[in-house]
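Peer 1: Next one to model:
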Amino acid sequence: MADIKQITPENFDSIVNDSLPVLVDFWAPWCGPCRSLSPIVDEVADELAGKLAVAKCNVDDNQDLAMKFGVMSIPTLIVFKNGEEVDRSVGALPKARLQALLEKHL
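Peer 2: Residues are numbered from 1 along each chain as shown. Now for the predicted structure:
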């Protein structure tokens, strides 16, 4: 099972500067589309363990991080490589689209 990290302002930099590409899921517990996307993110994290790191950022608890990255709508998925944003997707998406988004960065 993949080790999905919970992001805080304190650990954000160390997580996104991983040697692997990092998928960060910006979400909130009250968000219906976030709840439907979460198991898809978990599945993909398991399937790509060792090739991709995955972290989740609760925007209610980390509003400053959401603002820093211009997260205006959730769920927002941001892919980081070497600490830099390389891709982004806003809204829930099917597993095949998430896999296609990530494949480009592996």
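Peer 1: For the rest of this, base every contact and every neighbour count on C-alpha atoms.
Peer 2: OK.
Peer 1: which residue is nearest the centroid of this structure?
Peer 2: residue 24 (1.9 Å; C-alpha atoms, centre = their mean).
Peer 1: Hmm, residue 78 and that one touching each other?
Peer 2: Yes - the pair residue 24 / residue 78 is scored as a contact, 5.2 Å apart, by C-alpha atoms under 8 Å.
Peer 1: how about the strands of this structure, start to end?
Peer 2: 5-6, 22-27, 53-58, 76-81, 84-90 (DSSP state E).
Peer 1: tell me the most buried of the ones you listed?
Peer 2: Comparing the strands of the chain by mean neighbour count (mean count of other C-alpha atoms under 10 Å), strand 22-27 ranks first with a mean of 25.
Peer 1: Dump the C-alpha coordinates for it into CSV.
Peer 2: Taking Å, rounded to 0.1, in the frame of the first residue of the first chain, the C-alpha atoms of strand 22-27 are listed here in CSV:
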residue,chain,number,x,y,z
VAL,A,22,4.6,14.1,-6.5
LEU,A,23,0.9,14.3,-6.9
VAL,A,24,-0.8,16.6,-4.4
ASP,A,25,-4.5,16.3,-3.9
PHE,A,26,-6.0,19.6,-2.6
TRP,A,27,-9.4,18.6,-1.0
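Peer 1: quick one: contacts of it?
Peer 2: 15-16, 34, 52-59, 66, 71, 74-81 (C-alpha atoms under 8 Å, 6 or more residues apart in numbering).
Peer 1: strand partners of that strand, parallel vs antiparallel please.
Peer 2: Looking at strand 22-27 with DSSP bridges, its partner strands are strand 53-58 (parallel), strand 76-81 (antiparallel).
Peer 1: Make CSV from these and add mean pLDDT and distance to residue 100 to it.
Peer 2: Putting the strands paired with strand 22-27 into CSV (pLDDT from 0 to 100; distance: least, C-alpha to C-alpha, whole Å) gives the following:
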stretch, mean pLDDT, distance to residue 100
strand 53-58, 97, 16
strand 76-81, 98, 12
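Peer 1: Tabulate those strands (JSON lines), appending distance to residue 102.
Peer 2: Formatted as JSON lines, those follow (distance: least, C-alpha to C-alpha, whole Å):
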{"stretch": "strand 53-58", "distance to residue 102": "11"}
{"stretch": "strand 76-81", "distance to residue 102": "8"}
